[in-house]
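Peer 1: coords please:
(chains A and B)
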There are 2 protein chains.
Amino acid sequence: MSNQRIDSLRKRLIELQIDVFLVSNYYNIFYLSDFKTLTENEREAWMLVTANDIYLFTDDRYIKSQSSIRQLADKAHKLKLLTPEKGLIRHLQEIFTEENIKTCGVEAGDLRLIEFQHFIKHIREARFIPTDRLIVKLREIKDDDEINKVKVACGIADQCLEEVIKTIKIGTTEKEIAFKIEFWLKQKNHDLAFYPIVAIDKNSALPHYDTRDGNNQAVENGSVVLIDFGAKYQNYLSDITRMIFIGNVNQEIINTYNKLLNSQEGTIKFLDTMRSSHNYFKEVDKFCRDKNEVQSLPNFSHSTGHGVGLEIHEYPKVSINSEDKIEPNQIITIEPGVYFEGKWGMRIEDTLLIKEEGVEVLTKLDKKSLIISNS
Amino acid sequence: MSNQRIDSLRKRLIELQIDVFLVSNYYNIFYLSDFKTLTENEREAWMLVTANDIYLFTDDRYIKSQSSIRQLADKAHKLKLLTPEKGLIRHLQEIFTEENIKTCGVEAGDLRLIEFQHFIKHIREARFIPTDRLIVKLREIKDDDEINKVKVACGIADQCLEEVIKTIKIGTTEKEIAFKIEFWLKQKNHDLAFYPIVAIDKNSALPHYDTRDGNNQAVENGSVVLIDFGAKYQNYLSDITRMIFIGNVNQEIINTYNKLLNSQEGTIKFLDTMRSSHNYFKEVDKFCRDKNEVQSLPNFSHSTGHGVGLEIHEYPKVSINSEDKIEPNQIITIEPGVYFEGKWGMRIEDTLLIKEEGVEVLTKLDKKSLIISNS
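Peer 2: The predicted structure is shown next:
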């Protein structure tokens, strides 16, 4: 599995005429090696891909961990120990000299400026070549293993939300709902993809409402409840948003919901027609906004969707500025919204798989029956 | 509160002869403005501190959120809207021209290489000056508000651990203990500082054991249980490690624990004697390792401690490579360990406040009574 990913990276290096590639990003290292450190942002590991070898640099807290060593040794990685006396720079100097390396690609979208400055100051053996989105573009196209994991993550989110929705009644608060979602997942040894956005009434009009810092609105008769969350299964994520309407809901709200659902489902159908001809996602974004407009719904300020995988926001981007093409085995969301400041808002979101022969909606929780009020 | 922080930053800019400073780091923006975005790593906001103004750049998902606007307007921040048509670069060009800005400091430890490349390519109005640890070094010295929040976070962690320990019995697993800690905190509307490390027997010998990915070892008669976790209270963190010994524990284990406790408490006392003369933390690190050595305990591969605040690993560093000085109002951990691969390991950790007149241990959960076995 990983070997194919490494092969794809090596092919890109040949195209770019780069000798070797230094991987700094936590998710990219995991994608290529199945190795991950405890923290995302503390640079506890680095990876160097050369024409013949894969080096993994980390400290002895990880190297001593038997399970990690076994995992990596199985894949013939060369482990290099980082110590206060011999850090990454000295290791790179050594390898570059031994293997006569002249150019080393780095991840310009991940590497910190100060790290780059240190490299070019201390390592004269090779030239460092900033590259943009090399591995994240490989990650855009999912293999079978990844697709299966996202499918399971979507199924878990569906089941979780279906069960949590049943417990919502008048008086239930935003934080209670978020807590129930989290508790449901973690009791089953799963995890959250991200902290749930649960936004009721006025709060639902804020696309980036933070439930943790909000006023913890409670459900009332006639309330609009937005729930945007995802599950994590074996490091892969899902993303779903559903609307729940409580008791005697204003007819205007129901009408708006039906129009938005029409936009969302229409966009998924449009994507299906676009898929075979390798069109661009920016056309999908435009279609979705136009679909809102012709139904007299206002535009929304966020993108129409995004890739999902190891991270919740990946490539491709489904937005007006996106330069990404529609390709088989991408996994994306489609999530139009409408927001009326000070009143209420709505968003409907599914995670989808783009296949050779069609688009498969992976989050399957019903979008119609949720309109039926429960109080 | 924030104004004093901004004043300190402006003082540093004058010393460095830099006109303005662009803040990119999520925590640093929060530290200076109380404004935070939903995600840490997606660059949803930037901040520019000039001699007279504070600009905050973000998109309309945040600007529309009434509570955020109110917060920022209260502090006389100038809000600038980021859109696909007018992004950060165009805003900076405009401000640099209007205010005749010639030099702009950036956070080299946070800014991505590609961001820096874009700035220098597109913005000719000013020169960008990479700076290192400007704001994180300010954050090293805590003010009263921060100290109070960390104290509360420590008290919460103490209480949580005291209650969770009571529920541990033969058969309880690592993940069950971690789950209980998490839900104890979240039910009370607090949060984890980081995902708990709960490591039993052989797993306790791995200083970076990941409970989520481990073999979920259960407690047996004679088990060694390591629990390393922290609480988050109003964005500020605590960090504590305690050892629990179950049933008929080997006398060698108890002896080792007493020696390690002697190292840990001796190091805290040593810190107290060092504090008044503005010594270096590397001396504290060395003292702690020597203290292990004279008691015939092996050395440990991690640092002796670290600063704690908005992030779990901050400045000052208490390690052999640290260049940080001991100063009043720093909050740090002291956490020596001993690890016997394939057998068991131990770590004892407290969060401490360095004061003018002494060192205050903020995590107060007993370190003696935990030796008393419960089965």
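
Peer 1: could you pull out the helices for the stretch 251-375 of chain A?
Peer 2: Shown for the stretch 251-375 of chain A, the helices assigned by DSSP state H, counting those that start in this stretch span residues A:251-274, A:281-294.

Peer 1: Report the contact partners of the residue lying closest to residue A:311 once chain neighbours are set aside.
Peer 2: Distance criterion CB to CB, 6 or more residues apart in numbering or on different chains; nearest residue to residue A:311, sequence neighbours excluded, is residue A:27 at 5.8 Å. Bear in mind the C-beta positions are built from the backbone N, C-alpha and C, glycine included. For residue A:27, the contacting residues are A:40, A:139, A:310-311, by CB atoms under 8 Å, 6 or more residues apart in numbering or on different chains.

Peer 1: give me the element the closest residue to residue A:236 other than its chain neighbours is part of.
Peer 2: Among residues not flanking residue A:236 along the chain, residue A:149 sits closest, at 3.7 Å (CB to CB, 6+ apart). Using DSSP states H and E, the element containing residue A:149 is helix A:144-165.

Peer 1: Which parts of that helix count as buried, going by neighbours?
Peer 2: Judged by neighbour count (16 or more other CB atoms under 10 Å in any protein chain shown), helix A:144-165 contains these buried residues: A:146-147, A:149-161, A:164-165.

Peer 1: now the end-to-end length of stretch A:271-279.
Peer 2: 9 Å (CA to CA, to the nearest Å).

Peer 1: Just give the number of residues close to residue A:283.
Peer 2: 15 (other CB atoms under 10 Å in any protein chain shown).

Peer 1: Might you report the residue contacts of it?
Peer 2: Counting by CB under 8 Å, 6+ apart, residue A:283 touches residue A:274.

Peer 1: Look at it and report its pLDDT.
Peer 2: Residue A:283 is assigned 96 on the pLDDT scale.

Peer 1: The nearest residue to residue A:217 once chain neighbours are set aside pairs with what?
Peer 2: Nearest non-adjacent residue to residue A:217, counting by CB to CB, 6+ apart: residue A:200, 4.1 Å away. Counting by DSSP bridges, residue A:200 forms beta bridges with residue A:225.

Peer 1: and if you look at residue A:233?
Peer 2: Note on residue A:233: beta-bridge partners residue A:236, judged by DSSP bridges.

Peer 1: Quick check: phi and psi at residue A:231.
Peer 2: Phi and psi for residue A:231, reported as degrees, to the nearest 10, are phi -110, psi 160.

Peer 1: Point out the residues in the stretch 101-250 of chain A that sit beside chain B.
Peer 2: A:106, A:108-117, A:130, A:132, A:175, A:179, A:182-183, A:186-187, A:189, A:191, A:194, A:206-210, A:212-214 (CB under 8 Å from any CB of the partner chain).

Peer 1: and those, which of them are in strands?
Peer 2: Members of those lying in strands (criterion: DSSP state E): A:106, A:130, A:191.

Peer 1: Which pLDDT does the model give the second one?
Peer 2: The predicted local confidence for residue A:130 comes out at a pLDDT of 98.

Peer 1: was I right about it contacting residue B:112?
Peer 2: No. If you go by CB atoms under 8 Å, residue A:130 and residue B:112 don't touch, sitting 9.9 Å apart.

Peer 1: give me the residue from the stretch 201-350 of chain A nearest chain B.
Peer 2: The stretch 201-350 of chain A approaches chain B most closely through residue A:208 (4.0 Å), counting by CB to the nearest CB.

Peer 1: Could you look up the SS state of the nearest residue to that residue once chain neighbours are set aside?
Peer 2: The shortest distance from residue A:208 to any non-neighbouring residue, by CB to CB, 6+ apart, is to residue B:61 (4.0 Å). Here residue B:61 is recorded as helix under DSSP: H, G, I helix; E, B strand; the rest coil.
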